[in-house]
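Chemist: After the sequence you'll find the predicted model.
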Amino acid sequence: MKFTTPSIITEMPTKQEYVEKYDKGLCADLAFKQAKKVHIRTCLAEAQNWKCCFCGVEMVEYPNQSNSATIEHVTPASKGGENSADNYAISCNRCNSNRGDLDWKIFMERKHEVIQKEKSKRQRDMEKRLEKWLKKAHKHASMNWQVNDIVQSFDDWIATLKLGKYKDQFMQMLHEDGVKMS
Ligand SMILES: [Zn+2]
């Protein structure tokens, strides 16, 4: 006999209900165990507001996605961590598999490093884009507008410049990434 388990179980049914539902003992046992696991996962995820304990991403109840909610052993089972609610947290699938059985503090430190690297890469990309935009804007300006010595700062310059359809995008880009130009 086959059984299916919902991906969210907020209220745990009793063992008896499973015994009544599945006439074969083993199936009732397996289904009950599975349901218990889902129930624990649901409770923990609810407690964490469905946010990954490592990266804070919004998690989904469905399995096999990078942001699926998975049960995480705070102290890995391979390092003596117990299978108990005290030792459980919920993380996204991605963090869970990236962490493996690393100590969570070390994992967080590494994660932080990766985020910093990604950030500085983003910053560099942003600067490149800005440079491109500036060149474009300069070209535009020299063709259509006279940029003269009165314009002292970037802000003054951008205020006088008409970038046409690009202006909003350009300003938003500056704003978003908090790039300060002087
Ligand atoms: Zn995560």
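Modeler: Received it, and whenever you're ready, just let me know what you need.
Chemist: So, low pLDDT: which residues of this structure?
Modeler: Residue ranges of the chain with pLDDT under 70: 1, 24, 140-167, 169-171, 173-182.
Chemist: Kindly list the longest helix within it.
Modeler: As assigned by DSSP state H, the longest helix anywhere in the chain is helix 104-144.
Chemist: In contact with the most centrally placed residue in the chain, which residues?
Modeler: In the chain, the residue lying closest to the centroid (CA atoms, centre = their mean) is V57, at 3.3 Å. Counting by CB atoms under 8 Å, 6 or more residues apart in numbering, V57 touches K51, N67, C92, R94. All C-beta spots, glycine's among them, are computed from the backbone N, C-alpha and C.
Chemist: Tell me how far the last one lies from Q123.
Modeler: It stands for R94. For R94, the distance to Q123 equals 24 Å [CB to CB, to the nearest Å].
Chemist: Which one of these two is surrounded by more residues?
Modeler: A count of neighbours by other CB atoms under 10 Å puts R94 above the other of R94 and Q123, at 17 against 13.
Chemist: That one is in what secondary structure piece?
Modeler: Here R94, judged by DSSP states H and E, is contained in helix 93-99.
Chemist: residues of that helix that come out buried?
Modeler: Along helix 93-99, these residues count as buried under the neighbour rule (16 or more other CB atoms under 10 Å): N93, R94, C95, N96, N98, R99.
Chemist: So the first one is in contact with Q65, correct?
Modeler: When you say that, I think you mean N93. Yes: between N93 and Q65 there is a contact under CB atoms under 8 Å: 6.4 Å.
Chemist: on that earlier part again, out of the contacts of V57, which is most surrounded?
Modeler: Each of the contacts of V57 was scored by neighbour count (other CB under 10 Å); the top score is that of C92, with 26 neighbours.
Chemist: Can you get me a residue count around the closest residue to it other than its chain neighbours?
Modeler: Distances taken as CB to CB, 6 or more residues apart in numbering put C52 closest to C92, at 4.0 Å, once the chain neighbours are dropped. Using other CB under 10 Å, the number of residues around C52 comes to 23.
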